[in-house]
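Visitor: Next come a sequence and a model predicted from it.
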Amino acid sequence: MSSSGYGQKEKVLSRIAANRLQKELTEWQVNPPCGFRHRVTDSLQRWIIEVHGAPNTLYEGEEFHLQVDFPEHYPMEAPQVVFMQIPPLHPHIYSNGHICLDILYDSWSPAMTVSSICISILSMLSSSTVKARPPDDDQYVRNCRNGRSPKETRWWFHDDKV
């Protein structure tokens, strides 16, 4: 078994998870969400997705990459979604790529898909009026130095204006 980028061992996907992801991947290939491109990898359990900033937003013309790691019991459990390399400057995105977005944690529902996650992230980016890191970025990133997963964070969702 290989280990993910956050120090936890990957577990083999359940049959339900593998079937669901195969269905989502097929749907994505037929009808990809606007502004996103799935990069083909050899793993159904880890998707790399290109994100293109929407026209007429602060992120227009910019490209970012998401890493989506699916847990053994997806979709009953949310995937781990982080920005790779240099994440966008945004009040809800930490410099280590962690994203403060309720649907990735407390508000996750098995009815959600990778496409719906992507659309939510693009909406979050598109509605931003300022390019800035969260005020507690340095402290948060320092606390995550030992490979802590964003799913281990107790997020406080209080800012719906950004």
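Guide: Cool, the structure landed. Predicted model, so just to flag it, every value in this text is computed and none were measured. Numbers count the residues shown, from 1 in each chain.
Visitor: okay, CA-based contacts and neighbour counts for the rest of this
Guide: Noted.
Visitor: Give the buried residues for stretch 26-33.
Guide: The neighbour-count criterion (16 or more other Cα atoms under 10 Å) identifies Trp28, Pro33 as the buried residues of stretch 26-33.
Visitor: Give the rounded mean pLDDT of that stretch.
Guide: Stretch 26-33 carries an average pLDDT of 93.
Visitor: Use 52 as the first number for this chain going forward.
Guide: In the new count, where the first residue is 52, that last one comes out as stretch 77-84.
Visitor: Need the CA coordinates for the helix or strand in which Arg193 is found. PDB is fine.
Guide: Per DSSP states H and E: Arg193 is located in helix 188-194. Output of helix 188-194 as PDB, limited to C-alpha atoms (Å, rounded to 0.1, in the frame of the first residue of the first chain):
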ATOM      1  CA  ASP A 188      -2.500  31.100   8.000                       C
ATOM      2  CA  ASP A 189       0.900  31.000   9.700                       C
ATOM      3  CA  GLN A 190      -0.300  29.500  12.900                       C
ATOM      4  CA  TYR A 191      -2.500  26.900  11.100                       C
ATOM      5  CA  VAL A 192       0.200  25.800   8.700                       C
ATOM      6  CA  ARG A 193       2.700  25.600  11.600                       C
ATOM      7  CA  ASN A 194       0.300  23.300  13.400                       C
END
